[in-house]
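Asker: Output the structure for:
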Amino acid sequence: MGLLDFVKSILGLAPGEQTTEVSKMAEKMTTEQVNAYMKQQCGFVPRMFQVINTVTPDPGRTFADFYASIFGDGALSRKVKELMFMSGGVAYCSPRCIIHAIPAAEAGATWNEVFEAAAVGMILAGFVPGGPGIPYAFEYALKCLDIFDKFKKGEKWEYLPAPKFDHGVY
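Answerer: Presented below is the predicted three-dimensional model:
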């Protein structure tokens with residue numbers, strides 16, 4: 001009996017039999033497969049993983065599993081968690097974080113829910129010490145609604161450029 005068969009016997013598996021999870025882990029994904037997996041787990045493929053996955057798909061699969069464990073339904077629904085993250089993106093003027101409007105939409109968020117969450121983020125921006133302030137966050141709140149609308153229409157959306165806010169340091 002080989003080592004693998006020994007481990008299987010401990011797990012109560014017959015030699016040659018694997019659980020679905022063990023089988024998945026052993027399987028190497030292609031770029032297209034990991035992108036599809038990330039879309040399933042995260043609701044989108046983050047821009048950095050659109051590049052990383054072309055080089056090596058393993059980090060994308062691992063990140064997708066981590067993401068799903070954090071954003072999955074629990075005491076808070078996935079929709080609420082995605083809206084919270086998007087709201088934080090508005091507060092900190094993060095062009096990457098506000099795209100969580102998309103997984104929020106996929107989790108059932110309405111335009112009004114995205115609007116209200118973005119508005120909370122905009123107000124929060126006024127209370128972040130050294131933060132961007134409400135006028136800067138307003139642009140990000142509007143962008144959340146733009147991304148939501150384009151996603152719902154099946155149109156291509158784009159990231160908002162990073163802010164030029166420099167905290168008063170020139």
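
Asker: Return the set of buried residues in stretch 106-123.
Answerer: Buried residues in stretch 106-123, counting neighbours by 16 or more other CB atoms under 10 Å, are found at 106, 107, 109, 113, 114, 115, 117, 118, 119, 120, 121, 122. Every residue, glycine included, has its C-beta placed from N, CA and C.

Asker: Dump those residues to TSV, plus secondary structure and pLDDT.
Answerer: Shown next, in TSV, are the buried residues of stretch 106-123 (DSSP: H, G, I helix; E, B strand; the rest coil; pLDDT from 0 to 100):
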residue	secondary structure	pLDDT
106	helix	94
107	coil	95
109	coil	98
113	helix	98
114	helix	98
115	helix	98
117	helix	98
118	helix	97
119	helix	97
120	helix	97
121	helix	96
122	helix	96
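
Asker: any idea how far the residue nearest to the spatial centre of the chain is from residue 131?
Answerer: Closest to where the C-alpha atoms of the chain average out (CA atoms, centre = their mean) is residue 42, at 4.9 Å. Per CB to CB, to the nearest Å, residue 42 is found 27 Å from residue 131.

Asker: One more: residue 141?
Answerer: On the measure of CB to CB, residue 141 and residue 131 end up 14 Å apart.

Asker: Among those two, which residue is more densely surrounded?
Answerer: Counted by other CB atoms under 10 Å, residue 141 and residue 131 do not tie: residue 141 has more neighbours, with 26 against 17.

Asker: and the more buried one, how far is that from residue 39?
Answerer: Residue 141 is 26 Å from residue 39, by CB to CB.

Asker: and what of residue 56?
Answerer: 18 Å.

Asker: can you check residue 132 too?
Answerer: With CB to CB as the criterion, residue 132 and residue 39 are 30 Å apart.

Asker: out of these two, which sits in the more crowded spot?
Answerer: More crowded of residue 132 and residue 39, by other CB under 10 Å: residue 132, with 21 against 14.

Asker: Not counting its neighbours along the chain, what's nearest that one?
Answerer: Spatial nearest neighbour of residue 132, excluding adjacent residues (CB to CB, 6 or more residues apart in numbering): residue 93 at 4.6 Å.

Asker: got it, and residue 124?
Answerer: Nearest residue to residue 124 in three dimensions, chain neighbours excluded: residue 91, at 3.8 Å (CB to CB, 6+ apart).

Asker: wait, isn't the one you found in contact with residue 128?
Answerer: Yes. Contact status for residue 91 versus residue 128: in contact at 5.9 Å, counting by CB atoms under 8 Å.
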